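Trainee: Need a 3D model of the following:
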Amino acid sequence: MKLEVCVADPQSLAAAIEGGAERIELCSALELGGLTPLPGLIALAATSGVETFALVRPRSGDFVFDSHDLDAMLRDIAAVRQSGLAGVVLGANHPDGTLDQATLARLLDEADGLGTTLHRAIDLVPDFAEATEAAIELGFDRVLTSGGAPTVLDGLGQLALVHATARGRIQVMAGSGLRPDNVLELLAAVPVDEVHSSCAGEPMPSAEGAVRLGFAAKTRRHTDAAVVRAFRDRLAGWGASRQ
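Mentor: All right, here's what the predicted structure looks like:
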């Protein structure tokens, strides 16, 4: 059972490594759902020794991308490859929520040789079984999903459908709202292959001046090494109980 920790700043990257994250999803602007990480953060992660996948998402909003977005994403994938990171996290939809398989095929062709995760663009689809089959046919290594709900514990029905459809042909990673104190509830319901969390600690206050001028929210989230360790302990105990 692998724990992937999502981080968006240098401090969170250091905390994830200290806590024992087995994979890192690297991004920026978690408050916007995550965007492509900045070059400096990519360079830091490349020296960490921890398997790291970079999110490739050029803007906030939906995952309906035009030719300008696609051009930027292809260039981002090339930069990730050059940096030496292990993989990329991708997703694209049509306006009706179905996966944009043509765009995804272009992105995957550029990512050939890198690890690949289909991100929560799948949570917008009208048919999870069909989308899972599409992800397998496209050649993704894994899919990250909450089962189409704001938190994965609210989406267990669709998550179970994804897991049953996958049948070991693609890794299923559950994420959104997972913490050390509820991850075993998830695994008891759907024994997914991997779990995903930001492993956030208590929110940190922002400087008053930055808040007053609109540069920052009153607080910001960050990964806590102790939360990562607690996650790892829960997962290790669950694995031992199944042997």
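
Trainee: Next SSE downstream of the lowest-mean-pLDDT helix or strand in the chain?
Mentor: In the chain, the helix or strand scored least confidently by mean pLDDT, DSSP states H and E is strand 219-220, which has a mean of 67. Next helix or strand after strand 219-220 toward the C-terminus (DSSP states H and E): helix 225-241.

Trainee: Report the rounded mean pLDDT for that following helix.
Mentor: The average pLDDT within helix 225-241 is 91.

Trainee: Other residues contacting that helix?
Mentor: For helix 225-241, the external contacting residues (CB atoms under 8 Å, 6 or more residues apart in numbering) are 1, 3, 5, 15-16, 18-21, 179-180, 183-184, 187, 195, 197, 199-201. C-beta coordinates here come from the backbone N, C-alpha and C atoms, glycine included.

Trainee: so who does residue 48 touch?
Mentor: Counted by CB under 8 Å, 6+ apart, residue 48 has contacts 13, 17, 24.

Trainee: That one falls within a helix, correct?
Mentor: No. Residue 48 is assigned coil when assessed by DSSP: H, G, I helix; E, B strand; the rest coil, not a helix.

Trainee: Tell me how far it lies from residue 75.
Mentor: Between residue 48 and residue 75 the distance, using CB to CB, to the nearest Å, works out to 23 Å.

Trainee: Show me where the chain has its helices.
Mentor: In the chain, helices defined by DSSP state H lie at 10-19, 39-46, 67-83, 101-110, 128-138, 156-166, 183-189, 208-212, 225-241, listed in chain order.

Trainee: Select, out of those helices, the one closest to residue 56.
Mentor: Nearest to residue 56 among the helices of the chain is helix 67-83; the distance by CB to CB comes to 4.9 Å.

Trainee: was I right about residue 60 contacting residue 28?
Mentor: No. In this structure residue 60 lies outside contact range of residue 28 using CB atoms under 8 Å: 10.7 Å.

Trainee: From residue 53, how far off is residue 21?
Mentor: Taken as CB to CB, the span from residue 21 to residue 53 is 12 Å.

Trainee: what residues are shared contacts of those two?
Mentor: Shared contacts of residue 21 and residue 53, counting by CB under 8 Å, 6+ apart, come down to residue 4.

Trainee: and the gap between residue 5 and residue 48?
Mentor: From residue 5 across to residue 48, the span is 12 Å (CB to CB).

Trainee: what touches both of those two?
Mentor: residue 24.

Trainee: pLDDT below threshold where in this structure?
Mentor: 206, 210-211, 213, 215-216, 219, 243 (pLDDT under 70).

Trainee: rerun at 80
Mentor: Applying pLDDT under 80 to the chain flags the ranges 201-207, 209-220, 239-243.
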